[in-house]
Structures are given as C-alpha cells and as structure tokens.
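Engineer: Give me a 3D structure for the following:
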Amino acid sequence: MKNVTISMDDELAQRARVAAARAGISVSKYMADAAKAKIEADEKLAGQSGGNRQIEALERIFSGPKWDVTDDGRMPTAEDRNARR
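Structural biologist: Model (predicted):
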C-alpha cells in the first residue's frame, strides 16, 4: 500500500470529509475509491472508442465531406494532376 499526498482547496476537502463520513469510511479510502472508479470509467471509455486518439482523428477526417475528383467517371492522369493552370 502506498501513501499519497494530494492538494485540494478547502471547500473540496470539507466536502470530501463529509461524504466519507456519510459513507462510514476514511477520507483516504473515499479518495482511493473515487480514483479507482474514475480510472475504470476512463479505461472503459477508451476501450469503447478504440483508445487511440490518432486513429480517431483520422477517422473523423476521412468521414468528412467527399468531393468528386473524377472526370466522366475516370480518375485524372498524372499529367492532368500535375498540369499547371
């Protein structure tokens, strides 16, 4: 078991003390349970969304609006693409 020191404003500390007292546990146990719940929720969310922000960003880009680059149903040739206009 590791000891961890955290800082929080006075109002939040008081609210944590009251919530822990209502739950009948120490502030330390209350904060550990809250951290565990938050980590598990984040991991579950990451697992549902793939967890890879770069892949998610690319999927958003590729799912964006499409534009037609074909000419009569055919892709432009290299000469057409590189022609100076």
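Engineer: Just after the helix or strand of the chain with the lowest mean pLDDT, pick out the following helix or strand.
Structural biologist: Scoring the helices and strands of the chain by mean pLDDT, DSSP states H and E places helix 53-62 at the bottom, with a mean of 82. Downstream of helix 53-62, the next assigned helix or strand under DSSP states H and E is helix 78-82.
Engineer: Poorly predicted segments of this structure, please.
Structural biologist: Within the chain, the segments meeting pLDDT under 70 span 48-51.
Engineer: which element is A41 on?
Structural biologist: Applying DSSP H and E, one finds A41 within helix 27-48.
Engineer: Restricting to C-alpha, output that helix in PDB.
Structural biologist: Below are the C-alpha coordinates for helix 27-48, written out as PDB (Å, rounded to 0.1, in the frame of the first residue of the first chain):
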ATOM      1  CA  VAL A  27     -11.200  10.200   3.600                       C
ATOM      2  CA  SER A  28      -8.200   8.200   2.400                       C
ATOM      3  CA  LYS A  29     -10.400   5.200   1.500                       C
ATOM      4  CA  TYR A  30     -13.000   7.500   0.000                       C
ATOM      5  CA  MET A  31     -10.500   9.200  -2.300                       C
ATOM      6  CA  ALA A  32      -8.900   5.800  -3.300                       C
ATOM      7  CA  ASP A  33     -12.400   4.500  -4.200                       C
ATOM      8  CA  ALA A  34     -13.100   7.700  -6.200                       C
ATOM      9  CA  ALA A  35      -9.800   7.400  -8.100                       C
ATOM     10  CA  LYS A  36     -10.400   3.800  -8.800                       C
ATOM     11  CA  ALA A  37     -13.900   4.500 -10.200                       C
ATOM     12  CA  LYS A  38     -12.600   7.300 -12.400                       C
ATOM     13  CA  ILE A  39      -9.700   5.200 -13.800                       C
ATOM     14  CA  GLU A  40     -12.000   2.300 -14.500                       C
ATOM     15  CA  ALA A  41     -14.500   4.600 -16.200                       C
ATOM     16  CA  ASP A  42     -11.800   6.200 -18.300                       C
ATOM     17  CA  GLU A  43     -10.400   2.800 -19.300                       C
ATOM     18  CA  LYS A  44     -13.900   1.500 -20.300                       C
ATOM     19  CA  LEU A  45     -14.500   4.700 -22.400                       C
ATOM     20  CA  ALA A  46     -11.100   4.200 -24.000                       C
ATOM     21  CA  GLY A  47     -11.800   0.600 -24.800                       C
ATOM     22  CA  GLN A  48     -15.200   1.500 -26.400                       C
END
